[in-house]
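Q: take a look and give me a structure for this.
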Amino acid sequence: MHPFRAAVESRDVEAMRDLLADDVVFNSPIAHTTYRGRDVVGGVLAAVVQVFEDFVYEGELTGEDPADHGLVFRARVGEKALQGIDLVRTGDDGRITELTVMIRPLSAAIAVRDAMGAMLAKAGVDPKALSGGG
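A: I've put the predicted structure just below:
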């Protein structure tokens, strides 16, 4: 089991944060802005733990490069059920250098965007990044 999976399943935000490289890059499924840095990404993850309900990982995939992992999940935001995948890339030291999250369907992604905006503002992360763009 990937250490990030174990931290998420236990809802241990500090353990998640400790697994992040100082210069980690987070590619959000709903924001056009890439989030960078352990403190910022840690704030995003803390908000996600509060927004996603009934979160469960259903599978774990390993890429050709052992540093690449895919963690397949299901969750709910309000009445919207969603499926997603966390794409995790680690550096030589085992810390996460890049985290990309994808979510489907669109209606669930919109529910995540709406719920995350308020949570990110409380965490000190600029929620304007959620308002649109490519």
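Q: when you work out contacts or count neighbours from here on, use the C-alpha atoms and nothing else.
A: Will do.
Q: gap between Phe26 and Glu64?
A: Using C-alpha to C-alpha, to the nearest Å, Phe26 is found at 21 Å from Glu64.
Q: neighbour-wise, which of the two wins?
A: Just comparing Phe26 and Glu64: by other C-alpha atoms under 10 Å the higher neighbour count belongs to Phe26, 25 against 7.
Q: got any ranges where the chain has weak pLDDT?
A: For the chain, applying pLDDT under 70 flags the ranges 123-134.
Q: quick one: the strands in it, in order.
A: Under the criterion DSSP state E, the chain carries strands at the ranges 20-27, 35-36, 53-62, 68-77, 80-90, 96-104.
Q: quick one: closest of these to Arg113.
A: Counting by C-alpha to C-alpha, Arg113 lies closest to strand 68-77 out of the strands of the chain; the figure is 10.0 Å.
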